[in-house]
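*Asks:* Turn this into a structure:
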Amino acid sequence: MAFYARESMISRMVRTLMRHGKKETSQRIVDGAFAILKREHDVSDPIKFLYEAVQNAKPLIETRSIIVAGRKVLIPKPVPPHRQEGLALRFVRDAMRERKEHTAESRLAKELLELHEKQGGARRRRDNEHRTAEANRAYVR
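*Replies:* Numbering: from 1, shown residues only. Here you go, the predicted model:
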């Protein structure tokens, strides 16, 4: 993990994966996923691969709930770039944890591979966000 420390996306990914303050464990998961990508899937630059995969999971628009005339209405809003990245990393984390592979490293590697092909759980969640925003676009102010 030492030579990845300068990469902001990787450090954010490690912090997003972290549970109960166990940062070393999440670093090991990310390192293991990168090793799997290199060894089994012939990815020459896993850092660039991660950036491209997260780019495919970034939501461009989200819905915010407000109360109008006594009822909740979902209003589509554009997502700022920094929040896009955070949401995408959370989508990847949640999709990774729902997968059925045996180790966390293999689950993360498979999710990144599917994201690179514009598939997978994180991409599905992003598409659902966009579909919800599209359905509620009548409420845009």
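
*Asks:* Read off the pLDDT value for the residue lying farthest from the centre of the chain.
*Replies:* Distance from the C-alpha centroid of the chain peaks at residue 69, with 35.2 Å (Cα atoms, centre = their mean). The score at residue 69 is 87. That number is its pLDDT.

*Asks:* before we move on, what about residue 118?
*Replies:* 90.

*Asks:* Check which helix or strand the closest residue to it other than its chain neighbours maps to.
*Replies:* Take residue 118 and drop its neighbours on the chain: the residue closest to it by Cβ to Cβ, 6 or more residues apart in numbering is residue 56, 5.3 Å away. Using the backbone N, CA and C atoms, a C-beta is placed for each residue, glycine as well. Element membership for residue 56, per DSSP states H and E: helix 46-57.

*Asks:* Next: residue 91.
*Replies:* helix 81-98.

*Asks:* contacting residues around that helix?
*Replies:* 9, 12-13, 16-17, 53-55, 57-60, 62, 79, 104, 107-108, 111-112, 115, 120-122, 124-126 (Cβ atoms under 8 Å, 6 or more residues apart in numbering).

*Asks:* what's the offset of that helix from the middle of its chain?
*Replies:* 3 Å (Cα atoms, centre = their mean, to the nearest Å).

*Asks:* buried residues in that helix?
*Replies:* 84-85, 87-89, 91-93, 95-96 (16 or more other Cβ atoms under 10 Å).

*Asks:* And those residues, which is closest to residue 74?
*Replies:* residue 87 (16.3 Å; Cβ to Cβ).
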